[in-house]
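Trainee: Any chance you could fold what I've pasted below:
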Amino acid sequence: MNLWPVKYILILICFALTVSGCAGLKNKGTEDAKASDFIIPLNVSEVLKHPETEVVKYFQNRREDFDTLGSYLLENERVFQTRPVILQQDYSIEKIQDPDIQQFAQTLFQEGIVKRISSLNDDPSKSIDFLFDTEDHLYQQGITYLSLPEMAKGDPSKFSYVNDYKNLGGGWYYYVFHYDKLKNEDEFRNLAWAKISEEERSILTTPKEKAIVILESGKNVGYWIDNRKLDVVVSVQFDTEMNGLLGPIKMFFDPVTKDMIGGNLRF
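Mentor: The predicted structure follows:
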């Protein structure tokens, strides 16, 4: 019996299956992509200047004073005439009318541990934030009070922006928020930069290399350029001098094809 035709057919079948498999991998659409395909997790403990144990111990040793200052800010929002209330060294501390509380706030800044204090009272939603450290577009670390437990969940639509809370009891939390890196994130910065006009570049406050690149849900896209609807998108954000009025410049890209697929409206 001549087996060559059979062998030839088997070889063709194997070849077809191989090509089909490779094509399937090559043409894997963004609709099949998962967030984990694009994220490079950051080991945040390697970049923090203050270990978690140090920050928590600092707070626990002064917990009663933190409570008193926080309550004062929430109850006297009108005195500061801003929402949220913001305190920094040499900024608005003099508006605190209780001498002991004012002294404690000054001490926090003088010791160089706390960088900023803020509060917002939208009863029943209330928050107090003591920012211990931050590095732009990398992480924020501090102690916060949240009146509602659900406020400690972060934004699940930002896949590469991690909100990590540790419950300290009584509504107080230690937190670290950080950005994971994305694969090819500089390429997305370059793509976005190329689409910004010279006029727009003149009002940017974010240099190209510092643009925020985030992997997030397609539900966050303000408007779509075409009819595609993706579950996972890459956003590139540049802050401008007009952020307060118009918001930042933000573009969205297909994480697989790297095509620009949308943006956010600026009014």
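Trainee: Does residue 188 touch residue 253 like I think?
Mentor: Yes. Taking C-beta atoms under 8 Å as the definition, residue 188 is a contact partner of residue 253 at 5.8 Å. (C-beta placed from N, C-alpha, C; glycine too.)
Trainee: tell me, what's touching these two both at once?
Mentor: When contacts are counted by C-beta atoms under 8 Å, 6 or more residues apart in numbering, residue 188 and residue 253 have 234, 236 as shared neighbours.
Trainee: How about the contacts made by the most centrally placed residue in the chain?
Mentor: In the chain, the centroid-proximal residue (C-alpha atoms, centre = their mean) is residue 161; its distance is 3.9 Å. The contact partners of residue 161, by C-beta under 8 Å, 6+ apart, come to 154, 155, 177, 178, 179, 180, 214, 216.
Trainee: Could I get the residues you listed in a markdown table, plus columns for distance to residue 134?
Mentor: Listed next are the contacts of residue 161 as a markdown table, based on distance: C-beta to C-beta, whole Å:
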| residue | distance to residue 134 |
| --- | --- |
| 154 | 16 |
| 155 | 18 |
| 177 | 9 |
| 178 | 10 |
| 179 | 12 |
| 180 | 17 |
| 214 | 17 |
| 216 | 21 |
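Trainee: Out of those, which is nearest to residue 96?
Mentor: residue 177 (27.2 Å; C-beta to C-beta).
Trainee: The biggest strand by length in the chain - which strands sit beside it in the sheet, and in what orientation?
Mentor: With DSSP state E setting the assignment, residue counts place strand 125-135 as the longest strand in the chain. The sheet places strand 125-135 alongside strand 116-122 (antiparallel), strand 139-146 (antiparallel), with pairing taken from DSSP bridges.
Trainee: got the buried residues for the longest one?
Mentor: Judged by neighbour count using 16 or more other C-beta atoms under 10 Å, the buried positions of strand 139-146 are 139, 140, 141, 142, 143, 144, 145, 146.
Trainee: hang on, the last one packs against residue 154?
Mentor: No. When contacts are counted by C-beta under 8 Å, residue 146 is not listed as touching residue 154 (11.3 Å).
Trainee: joint contacts of the two?
Mentor: Where contact means C-beta under 8 Å, 6+ apart, no residue is in contact with each of residue 146 and residue 154.
Trainee: What segments of the stretch 151-267 of the chain are strands?
Mentor: Secondary structure of the stretch 151-267 of the chain (DSSP state E, counting those that start in this stretch): strands located at 161-169, 172-179, 181-182, 212-217, 223-224, 232-238, 249-253, 260-263.
Trainee: got the ones you listed as CSV, with distance to residue 194 and mean pLDDT columns?
Mentor: What follows is these, written out as CSV (distance: least, C-beta to C-beta, whole Å; pLDDT from 0 to 100):
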stretch, distance to residue 194, mean pLDDT
strand 161-169, 25, 96
strand 172-179, 23, 97
strand 181-182, 18, 94
strand 212-217, 15, 96
strand 223-224, 20, 93
strand 232-238, 11, 96
strand 249-253, 10, 95
strand 260-263, 10, 95
